[in-house]
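Participant: sequence unknown, structure follows:
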């Protein structure tokens, strides 16, 4: 008998506020209407007594002749539970399956961050007998953590619609992934402060740190609303729900924006709530006359924290055949994929990347050690407090931010990959930069 086998996991995490481990899924606890539901015309799902042994809880799936061919049952891991991890070397998912008909089905994994959904068929050979099914998702190149499992009973095996079929699952297991946290709230701290730059080295659209351009005609919102809010003393855009917004130079008539002397694009983004696979951020700069359509696109992979996007314009792709930036008439921010948010924006500007690696002010006694390092850098000044420290990678993306308000500070290098970084040291009297090497 394969039912109710005790599985030993080499993963144990005790959390004081009551999070419990949900893998393996045994249907004995933690199953709610939100985490176990029917979809696409499946007649019902339920938690019932094992039809074979008459004891213990299992998941029941009842098909419908009126449902779609792809009717399914879904297990969604909620906040406080753990994801299935298919990003390592072990990419197998195992479950026990029982049906009143000897036809298999298909298992699909969904909601991997910045990852495609993956699916595998499975066979079931003998009716009214529990079988243990093992599927190796390495065969379909799965490489992410997923929080939704979708079971399609009898799909591709005579279909679920030719008669009422009842199937059962239990002991769904795989490698335990990350804890799913509750949805992130609104930001309580401001976005990172941009470095000081000469006026000729930046074209700013929205930032308290620079003088913002007024050449555009109006700001247009693609559904939802865009409001200007003050967070931690700093003006911040809030888009809710919305799919994006644009600076429009056509209506009412504006002029245009010459960005040809700039080398980089920057924006800070904060996503409230949860995110799912397929959610994408796009920046787009569209020129007049020659139809230059320059865009940069990246998946949204984090929530509840400020993400600084700082990329060279060479990272932008072109959809219009030209790459001119001297006559921009539309500047757009687009959010694509499943609905999410609200989303907050700050420090939207183009710049020449002139501050990294250059010394703006001589800070007395400024020193960093050890450098190179594997663990941490200690930064010290002689007698002036450091108000903030910003660490950038070689592409200009901010990767760390500290507010020491002291003459000595420690920068944690363990969270960074090996390579070259720049630290911008800000004081009340000015700022200076240091080159950092992570071994």
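Facilitator: Received the coordinates, thanks. Since the structure is predicted, the reported quantities are computational estimates derived from the model, not experimental observations. Residues are numbered from 1 along each chain as shown.

Participant: what's the following helix or strand after the helix or strand harbouring residue 95?
Facilitator: Secondary structure here is read from DSSP states H and E; on that basis residue 95 sits in strand 92-99. Once the chain leaves strand 92-99, the next helix or strand it forms, by DSSP H and E, is strand 105-110.

Participant: Show me what the helix or strand following that next one is packed up against.
Facilitator: Stepping forward along the backbone from strand 105-110, the first helix or strand reached (DSSP H and E) is strand 118-122. Contacting strand 118-122 under the criterion 3 or more Cβ pairs under 8 Å, 6 or more residues apart in numbering; DSSP states H and E are the following elements: strand 105-110, strand 131-136. The C-beta positions use only the backbone N, C-alpha and C, and glycine is treated the same way.

Participant: Note down every partner strand of strand 118-122 and its orientation.
Facilitator: Based on DSSP bridges, the strands next to strand 118-122 in the sheet, each with its direction, are strand 105-110 (antiparallel).

Participant: So which bits of the strand it pairs with are buried?
Facilitator: Within strand 105-110, the residues that qualify as buried are 105, 106, 107, 108, 109, 110, counting by 16 or more other Cβ atoms under 10 Å.

Participant: and the strand holding residue 95, how far from the chain's centre?
Facilitator: 30 Å (Cα atoms, centre = their mean, to the nearest Å).

Participant: Can you list the low-confidence ranges for this protein?
Facilitator: Along the chain, the model assigns pLDDT under 70 to residues 1-22, 114, 157-163, 277, 289-291, 319-322, 339, 355-362, 394-396.

Participant: Can you tell me how far the residue nearest the centre of it is from residue 328?
Facilitator: Here the mean C-alpha position of the chain is nearest to the C-alpha of residue 301 (Cα atoms, centre = their mean), at a distance of 1.5 Å. With distances defined as Cβ to Cβ, to the nearest Å, the gap from residue 301 to residue 328 amounts to 28 Å.

Participant: Correct me if wrong, but residue 171 is in a strand.
Facilitator: Yes: for residue 171, which was evaluated using DSSP: H, G, I helix; E, B strand; the rest coil, the result is membership in a strand.

Participant: Against residue 105, how distant is it?
Facilitator: In terms of Cβ to Cβ, residue 171 sits 17 Å off from residue 105.

Participant: what's the angle from the strand holding residue 95 to strand 131-136?
Facilitator: Strand 92-99 runs at 150 degrees relative to strand 131-136, counting by axes from the mean of the first three to the mean of the last three Cα atoms, to 10 degrees.

Participant: in strand 92-99, what counts as buried?
Facilitator: Applying a neighbour-count criterion of 16+ other Cβ under 10 Å, the buried positions in strand 92-99 are 93, 95, 96, 97, 98, 99.

Participant: what lines up beside it in the sheet?
Facilitator: Each strand pairing with strand 92-99, determined using DSSP bridges, is listed with its direction: strand 131-136 (antiparallel), strand 166-173 (antiparallel).

Participant: Show me how far the shortest one is from its chain's centre.
Facilitator: What that stands for is strand 131-136. Put simply, strand 131-136 sits 30 Å off its chain's centre (Cα atoms, centre = their mean).

Participant: Please work out which residues outside that strand touch it.
Facilitator: By Cβ atoms under 8 Å, 6 or more residues apart in numbering, the residues outside strand 131-136 that reach it are 2, 91-98, 107, 120, 122, 124-125, 171.

Participant: Swap in 7 Å and give it another go.
Facilitator: Around strand 131-136, the neighbours that count as contacts under Cβ atoms under 7 Å, 6 or more residues apart in numbering are 2, 91-97, 107, 120, 122, 124-125.

Participant: so which of those residues comes closest to residue 280?
Facilitator: When the contacts of strand 131-136 are ranked by distance to residue 280 (Cβ to Cβ), residue 91 comes first, at 24.9 Å.

Participant: Residue 147 versus that closest one, what's the distance?
Facilitator: As defined by Cβ to Cβ, residue 91 lies at a distance of 16 Å from residue 147.

Participant: Between the two, which is the more surrounded one?
Facilitator: Neighbours per residue (other Cβ atoms under 10 Å) separate residue 91 from residue 147, with residue 147 holding more: 25 against 22.

Participant: OK, contacts around the more buried one?
Facilitator: By Cβ under 7 Å, 6+ apart, the contact list for residue 147 reads 76, 77, 83, 111, 180.

Participant: can you check residue 229 too?
Facilitator: Listed by Cβ under 7 Å, 6+ apart, the contact partners of residue 229 are 236, 238.

Participant: What are the contacting residues of the one helix or strand residue 73 maps to?
Facilitator: Assigning secondary structure by DSSP H and E places residue 73 in strand 72-76. The contact list for strand 72-76 (Cβ under 7 Å, 6+ apart) reads 25, 34-40, 42, 45, 61, 147-152, 172.

Participant: rerun that using 8 Å as the cut-off
Facilitator: Strand 72-76 has contacts (Cβ under 8 Å, 6+ apart) with 25, 34-40, 42, 45, 59, 61, 108, 111, 147-153, 155, 169, 172.

Participant: partners of it, with directions?
Facilitator: In the sheet, strand 72-76 lines up against strand 36-39 (antiparallel), strand 148-153 (antiparallel) (DSSP bridges).

Participant: Using CSV, please lay out those together with distance to residue 427 and mean neighbour count.
Facilitator: Conversion of the strands paired with strand 72-76 to CSV gives the following (distance: least, Cβ to Cβ, whole Å; neighbours: other Cβ atoms under 10 Å):
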stretch, distance to residue 427, mean neighbour count
strand 36-39, 56, 17
strand 148-153, 49, 23
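
Participant: Distance to residue 216 added to those, as CSV?
Facilitator: As requested, the strands paired with strand 72-76 are exported to CSV (distance: least, Cβ to Cβ, whole Å):
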stretch, distance to residue 216
strand 36-39, 45
strand 148-153, 41
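
Participant: of all those strands, which lies closest to residue 318?
Facilitator: Closest of those to residue 318 is strand 148-153, at 35.9 Å (criterion: Cβ to Cβ).

Participant: from the chain's centre, how far out does that closest one sit?
Facilitator: Between the mean C-alpha point of strand 148-153 and the mean C-alpha point of its chain there is a distance of 23 Å (Cα atoms, centre = their mean).

Participant: Spit out the contact partners of residue 165.
Facilitator: Contacts for residue 165 (Cβ under 8 Å, 6+ apart) come out as 62, 63, 99, 100, 101, 103, 153, 154.

Participant: residues contacting the last one?
Facilitator: It refers to residue 154. For residue 154, the contact set (Cβ under 8 Å, 6+ apart) comprises 63, 99, 101, 103, 104, 105, 160, 165, 167.
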